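Student: when you get a sec, could you give me coordinates for this:
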Amino acid sequence: MQSHDKYRIALLSAYALALHGFEGILPTPIPWLRLGLANIITLTTLLLYGFRPAIMVTLIRVILASLFTGTFLGPAFILSLGGGVTSTLAMGLILSLMPELFGPVGLSLIGALFHNIAQLLLAYVIFIQRIEAILLISPIIILIGTLTGSVNGIISEILIKNLKNTEKHLEYKSNH
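Tutor: Residues are numbered from 1 along each chain as shown. From the prediction side, this is the model:
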């Protein structure tokens, strides 16, 4: 890995951590529910720089956020790690197999769905072990994940377009 890649991953991870922290102060309808704003950075990283940087941003964000909040190796960490890694893997796999099929919104929806499924499965296996509780909450979680996944995908799409335009502008200025 080249040094500029390390700096890029560090910067993107810092952005993801900042969004994660900001999200923590927002009111939510369900106490443990998160909007997944940091996933905007993961998706943007995946689309601009590839799978390896995206999974690294996810891992760094989850680990550091859990260390900062005191949840490292606890239930919230396990759910966040499982959901984050699963969603990044799913988006990366779909992008590598069918690069032209899904844009940022479609990939974000795939990521949200796999994130929710992974968390529900982990919650069932490790914590709840009552299928009726999981079946009861699943539609709500998946609905909210679909809504937030759509919004996060739209924001990622706007962010990517702006970053590409800025890059083109900087290239033009450096050549003239």
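
Student: low pLDDT regions in the chain?
Tutor: For the chain, the stretches with pLDDT under 70 are 1, 3, 29-32, 169, 176.

Student: which stretches in it count as helices?
Tutor: Here the chain has its helices, by DSSP state H, at 3-25, 38-49, 51-69, 75-97, 104-122, 131-175.

Student: pick the most deeply packed of those helices.
Tutor: helix 38-49 (a mean of 25; mean count of other Cβ atoms under 10 Å). C-beta: built from backbone N, CA, C; applies to glycine.

Student: what's that one packed up against?
Tutor: Where contact means 3 or more Cβ pairs under 8 Å, 6 or more residues apart in numbering; DSSP states H and E, helix 38-49 is packed against helix 3-25, helix 51-69, helix 75-97, helix 104-122, helix 131-175.

Student: from residue 2, how far out is the spatially most central residue of the chain?
Tutor: Nearest to the mean C-alpha position of the chain, by Cα atoms, centre = their mean, lies residue 39 at 2.3 Å. Separation of residue 39 from residue 2 (Cβ to Cβ, to the nearest Å): 26 Å.

Student: do residue 154 as well
Tutor: Residue 154 is 32 Å from residue 2, by Cβ to Cβ.

Student: then residue 132?
Tutor: 51 Å.

Student: also residue 92?
Tutor: From residue 92 to residue 2 the distance is 20 Å (Cβ to Cβ).

Student: go on, residue 109?
Tutor: 32 Å.

Student: same deal with residue 165?
Tutor: Residue 165 is 25 Å from residue 2, by Cβ to Cβ.

Student: how about the helices and strands packed on helix 38-49 in JSON lines, adding distance to residue 33?
Tutor: Output for the helices and strands packed on helix 38-49, formatted as JSON lines (distance: least, Cβ to Cβ, whole Å):
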{"stretch": "helix 3-25", "distance to residue 33": "10"}
{"stretch": "helix 51-69", "distance to residue 33": "16"}
{"stretch": "helix 75-97", "distance to residue 33": "12"}
{"stretch": "helix 104-122", "distance to residue 33": "11"}
{"stretch": "helix 131-175", "distance to residue 33": "7"}
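
Student: so which of those helices is nearest residue 43?
Tutor: helix 131-175 (4.5 Å; Cβ to Cβ).

Student: what's that closest one packed up against?
Tutor: Partner elements for helix 131-175 (3+ Cβ pairs under 8 Å, 6+ apart): helix 38-49, helix 104-122.
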